[in-house]
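Chemist: Structure, please.
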Amino acid sequence: MILVADSGSSKTDWLLNLPKQEAKQFRTPGLNPYFLTEKEIVKILQDKAAELLQYAAKITEIYFFGAGCSSPDRHEIVTNALSLLFPKAYISVDSDLLGSAYATCGHEKGLCCVLGTGSNISFFDGEEIHSGQHGLGFILGDEGSGTWFGKALITDFLYGNMPPNVCTLFDQAYGLDKEIVINSVYLKAGANSYLASFAKFVSEIRDTAYGQSLLNKGLSTFIETNVKSYPQYHKYKCNFVGSIAYIFTDELKAVCTANGIQLGKIIRQPIHDLMEFILSREAL
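Modeler: Below is the predicted model of the structure:
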């Protein structure tokens, strides 16, 4: 049995390939080793993945692609945690960017962008990803991501910069004040997921002038800061993975067209495409 995982900061999608049966999909909270220790990852899976763990003794290979898994020490945190729960499995841990590249580019050269809770970009040469100077996280980067839109909404609300009709809707939906926000962002764990949780409000106001302006600003900032940092960006297809890219496909297409970008795939969850790539590679 082969188990593939695609993990962001908010959620992890798991797909288990079962012999002569339809693959089974599971979902757990995100398992980002920048924010979680080995013990915390084990605890999350024990608490939230009981059905998946029923197959633990039969799983022979695990391919885990996750946010925060771009360095050897972070690989080790996830590998050690999975080894405790899946003792018979060969375990491979790589970054979510590589997983997204496999799911969108296959074996072709191209740019692969993540627009979900966070944001990132890499160039895929058909075999490996070449990360740039991006991926600075929600405090310094994450342009166009859920956390970026969450921060923009909250600051506009607290500074009084929202149009009155939008401000009323936002206040009714969340009932925030400065103290609540400060405590949630600076004093509690999971600030990135907290901020990203407000991004769903953008979809509720996407038809307003404010909503369209916010979307255009966030997505354009991502393009200018990330995509255009690659001098030959116009030569390759630019693929996108993640909930923000998928939900706001129309706005993303418009921004890409305005910037002369060749748009490739836009997929919300790469897990099925990723499993297909892994299985085809294993068959070679």
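
Chemist: Partner strands of the strand or helix carrying residue 16, with direction?
Modeler: In this structure, residue 16 is located in strand 11-17 according to DSSP states H and E. Sheet partners assigned to strand 11-17 using DSSP bridges are listed as strand 2-7 (antiparallel), strand 24-29 (antiparallel).

Chemist: can you list these in a markdown table and add distance to residue 98?
Modeler: In short, each C-beta sits where N, CA and C put it, glycine included. Putting the strands paired with strand 11-17 into a markdown table (distance: least, CB to CB, whole Å) gives the following:
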| stretch | distance to residue 98 |
| --- | --- |
| strand 2-7 | 11 |
| strand 24-29 | 20 |
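
Chemist: what's the most buried one of those?
Modeler: Of all those, strand 2-7 has the most neighbours on average by mean count of other CB atoms under 10 Å, namely a mean of 25.

Chemist: can you list contacts of that one?
Modeler: 12-17, 30-32, 52, 55, 59-67, 69, 86, 89, 96, 99, 269-271, 274-275, 278-279, 282 (CB atoms under 8 Å, 6 or more residues apart in numbering).

Chemist: So which of those are in helices?
Modeler: 52, 96, 99, 271, 274-275, 278-279, 282 (DSSP state H).

Chemist: Of the strands paired with strand 11-17, give the one that comes closest to residue 256.
Modeler: strand 2-7 (23.3 Å; CB to CB).

Chemist: Send me the closest one as PDB with only the CA atoms.
Modeler: The C-alpha trace of strand 2-7 is given here as PDB (Å, rounded to 0.1, in the frame of the first residue of the first chain):
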ATOM      1  CA  ILE A   2       1.200   3.500  -0.900                       C
ATOM      2  CA  LEU A   3       0.200   6.500   1.200                       C
ATOM      3  CA  VAL A   4       0.600  10.000  -0.200                       C
ATOM      4  CA  ALA A   5       0.200  13.200   1.800                       C
ATOM      5  CA  ASP A   6      -0.100  16.800   0.800                       C
ATOM      6  CA  SER A   7       0.200  19.000   3.900                       C
END
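
Chemist: Next, the angle from it to helix 271-283.
Modeler: Taking axes from the mean of the first three to the mean of the last three CA atoms, to 10 degrees, one finds strand 2-7 and helix 271-283 inclined to each other by 140 degrees.

Chemist: Can you give the distance of strand 2-7 from its chain's centre?
Modeler: On the basis of CA atoms, centre = their mean, to the nearest Å, strand 2-7 is displaced by 14 Å from the centre of the chain it belongs to.
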